[in-house]
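[1] 3D model of this:
(2 chains)
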Amino acid sequence: MKEIVVASGKGGTGKTTVASSLAVYLAKKGVRVFTADADVDAPDLLLALGGGRTLFSIDIKESEKARIDKSKCTACGKCAEVCPFGAIVAQNGGRPVVVELMCEGCGVCRLVCPSDAIEVKRTDTGTLSVQETKYGFGCVTGKLKLGEHNSGNLVASVRNIGRGKAQDAASDVCIVDAAPGIGCPVIASITGADYVIAVTEPTPAAKRNLERLSKVIEHFGVPAGVVINMSGYSKDFETALKDWIVHELGFQFLGEIPVDYEVVKALVQMKPIIELNPDTKASKALAAIAQKVGEIL
Amino acid sequence: MAVTGGKGGTGKTTVAVNLAAGLSAKGLKVMLVDTDVDGPCCATLLGVKLENGDAVKTFKPKINEKRCVGCKKCVDVCHEHALVGLQGKTPRLFEELCSGCKACQLVCEYGAVEEGWKTIGKIYTAETNGLRLVTGELEPTEPRSPVMARATVLRAMSELQNSGYDAAIVDTAPGVHNAVAQPLWVSDFALAVTEPTPLGAHDLKFILDLARELELPAEIVLNKADVPGGLKDELLSISRERGVGIAAEIPLDGELLRSYISGEPLVKNSPNSPAAKALLSLIQHVHKRVKGGET
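    Numbering: from 1, shown residues only, chains lettered A, B, ... in the order given. Model (predicted):
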């Protein structure tokens, strides 16, 4: 089974649109598809696929947070002094308080506490569920608890369960919709994958973030191709961008998707554009890209 | 004031940059802080070249092999499993996993864990048209965006102290994770920029939940408000249900794209375009807030 990750340095370039259309296109061509939403902050892939029937759902408890036992605490303030994340606040010699939002659960506070008042406890990282979409293939989705640190851990769980479920279903490919950016959840999505589709748009801001993403992709040694989404409003910039992708980044150029308001309609109706209106210009472009990806697979 | 939104690509940076430029043009002393350390775009949108950043360094253990007795205490205490080793052997560090917490140094009784440092990113500052820009950039392949975002926030706050700024506009990353929560935590007010699609609405609810959890007052900026076939009504009903006001409705506007590409804020570049007018009234709205001391 091959794992394809749809990623993007900048947010809102169209990862979910590409991932959902790619999944439906390949499934219709007889490829056994599985999908995973690794954007655990804003998991939108199921929305783009019209929802699903929940097969199972579990809580992931990979996070840890310090807790101070008030009855044992002597307000010496040592914990607040050593906390590397500024997560323990002691005001005016008062009793220290853990700011959960900042706490990474490293336990340094527990090590220095002379009165054994601190425990590091496991807490919720988020939830994970496996759904069956109306297209017949499965989708594993993670949802990070608000404000949490441990997105990489949750993404690893999404990928592990996705891989297992995909293999159970004898899938040929698992399409992973990644988070925007280049940080922990993206690294956790890319490492060990077979191919990365980097989605960008023809603007200087998106180009800059594609360049940053390309460094991460190269570091982890994953082959990659680029899709330019929302093209058509600056031909000169787009021509130069394509040239730069192939010659400077050394990535495959998979195709470009023109600006097309049918895509908005598809999002609103919660159907991949390729399914809602296969004849519109964006769908034709997406079909050509999906075919290319199929050949690469 | 934080500019955030949940979903990526809704127009957070466009709003932040125009707001900062507009307030600055009204004579306020403004700092623009880019905390989207994964994908910082403020400088690009302002046409500013960033140079000579200050490295943000975090601790990493440097094991002194001569002193190490292989007791394995550091390995056992390492929360991130970044130190790996067997009894009697000098442990090995997997640098990319290390959070820099120093627990290893605290438990070592032989002084074998020495201070080492790694650079996780850089903070750049620049001045453009009277506007102060502070940008945090995570080093590609480094995973710790929250630490980098926090370093950027702390740097901005230390500059803001006693230096007469009227307002700081803080652009955040997309999402609701810790690197977004860090700048929200220190803000007085948030604008949640969204777009009229089910994805925009879905993610808007998450960011409003986070703002509520942090007791941060928020308002919604409805971007691409008139996109054909869009779901504006759904966003308006979220606004009503949550009692969160709409600070602005920005229409689709080709001029906005042109300004985005040219590297000059729309409100300067083309102040009479429909989107610029909406942004100017948002600037007026925020200006009142700042002047009225509401924030």
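[2] which residues of the stretch 1-150 of chain B fall in strands?
    When secondary structure is read from DSSP state E, counting those that start in this stretch, the stretch 1-150 of chain B shows strands at B:2-4, B:30-34, B:54-63, B:83-84, B:92-93, B:113-128, B:131-138.
[3] How much space separates the closest residue to B:D171 other than its chain neighbours from B:T4?
    Distances taken as Cβ to Cβ, 6 or more residues apart in numbering or on different chains place B:A16 nearest to B:D171, at 4.0 Å, with adjacent residues excluded. Heads up, the C-betas are built off the backbone N, CA and C, glycines and all. Using Cβ to Cβ, to the nearest Å, one gets 9 Å for the distance from B:A16 to B:T4.
[4] do the same with A:L26
    For A:L26, the distance to B:T4 (Cβ to Cβ) stands at 35 Å.
[5] what about the longest helix in the chain?
    In the absence of a named chain, chain A is used. Ranked by residue count, the top helix of chain A under DSSP state H comes out as helix A:151-168.
[6] hm, I was asking about chain B
    When chain B is parsed with DSSP H, its longest helix is helix B:274-291.
[7] out of B:A16 and B:T4, which sits in the busier spot?
    Per other Cβ atoms under 10 Å in any protein chain shown, whichever of B:A16 and B:T4 has more neighbours is B:T4, with 33 against 28.
[8] quick one: average pLDDT of whatever helix or strand comes next after the longest helix of chain A?
    Downstream of helix A:151-168, the next assigned helix or strand under DSSP states H and E is strand A:173-180. Averaging pLDDT along strand A:173-180 yields 97.
[9] need the contact list for A:N277.
    Contact analysis of A:N277 by Cβ atoms under 8 Å, 6 or more residues apart in numbering or on different chains lists A:262, A:265-266, A:283.
[10] okay, now the closest residue in space to B:V113 that isn't next to it in sequence: neighbour count?
    Residue nearest to B:V113 in three dimensions, not counting chain neighbours: B:Q105, with 4.3 Å by Cβ to Cβ, 6+ apart. The tally of other residues near B:Q105 (other Cβ under 10 Å) stands at 18.
[11] pretty sure B:Q105 contacts B:K60?
    No. At 10.4 Å, B:Q105 and B:K60 do not qualify as touching, with contact defined as Cβ atoms under 8 Å.
[12] Quick one: mean pLDDT for the longest helix of chain B?
    94.
[13] cool, and stretch A:47-55?
    95.
[14] ok, which stretches of the stretch 151-295 of chain B are strands?
    B:167-171, B:190-194, B:218-222, B:246-249.
[15] so which of those is the most packed in?
    The highest mean neighbour count among those, using mean count of other Cβ atoms under 10 Å in any protein chain shown, belongs to strand B:190-194: a mean of 28.
[16] I'd like the average pLDDT over it.
    Mean per-residue pLDDT for strand B:190-194: 98.
[17] So which residues of the chain form helices?
    Assuming you mean chain A. Along chain A, counting by DSSP H, helices occupy A:15-28, A:45-48, A:78-82, A:108-112, A:151-168, A:184-190, A:204-219, A:235-244, A:262-268, A:273-276, A:281-296.
[18] hm, I was asking about chain B
    For chain B, helices defined by DSSP H occupy the ranges B:12-25, B:42-46, B:73-77, B:103-107, B:145-160, B:178-185, B:198-213, B:232-242, B:254-262, B:266-269, B:274-291.
[19] Distance to A:A42 added to those, as a markdown table?
    Converted to a markdown table, the helices of chain B look like this (distance: least, Cβ to Cβ, whole Å):
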| stretch | distance to A:A42 |
| --- | --- |
| helix B:12-25 | 13 |
| helix B:42-46 | 21 |
| helix B:73-77 | 35 |
| helix B:103-107 | 33 |
| helix B:145-160 | 15 |
| helix B:178-185 | 11 |
| helix B:198-213 | 4 |
| helix B:232-242 | 15 |
| helix B:254-262 | 22 |
| helix B:266-269 | 26 |
| helix B:274-291 | 24 |
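[20] Quick check: which of those helices is nearest to A:V155?
    Evaluated over the helices of chain B, closeness to A:V155 peaks at helix B:145-160, with 13.2 Å, by Cβ to Cβ.
[21] Point out the residues in the stretch 1-150 of chain B that sit beside chain A.
    Counting by Cβ under 8 Å from any Cβ of the partner chain, the stretch 1-150 of chain B comes close to chain A at B:6-10, B:13, B:36-39, B:41, B:44-45, B:59, B:77, B:79-80, B:99-103, B:106-107, B:138, B:140-147, B:150.
[22] one more time with 6 Å, if that's ok
    Neighbours of chain A within the stretch 1-150 of chain B, by Cβ under 6 Å from any Cβ of the partner chain: B:6-9, B:38-39, B:41, B:44, B:79, B:101, B:103, B:106, B:140-141, B:143, B:145-146.
[23] Buried only: go through those for me.
    Neighbour-count burial (16 or more other Cβ atoms under 10 Å in any protein chain shown) applied to the residues of the stretch 1-150 of chain B next to chain A gives B:6-9, B:38-39, B:41, B:44, B:79, B:101, B:103, B:106, B:140-141, B:143, B:145-146.
[24] still on that earlier bit, which ones, among the contacts of A:N277, also lie beside chain B?
    Near chain B, judged by Cβ under 6 Å from any Cβ, the entries from the contacts of A:N277 are A:K265.
[25] with the contacts of A:N277 in mind, which one is nearest to chain B?
    Of all the contacts of A:N277, A:K265 has the smallest distance to chain B: 4.2 Å, by Cβ to the nearest Cβ.
[26] since we're on the nearest residue in space to the closest one that is not next to it in sequence, how many residues are nearby?
    Counting by Cβ to Cβ, 6+ apart, A:K265 lies nearest to B:G229, which is 4.2 Å off, once chain neighbours are set aside. Using other Cβ under 10 Å, B:G229 has 15 neighbouring residues.
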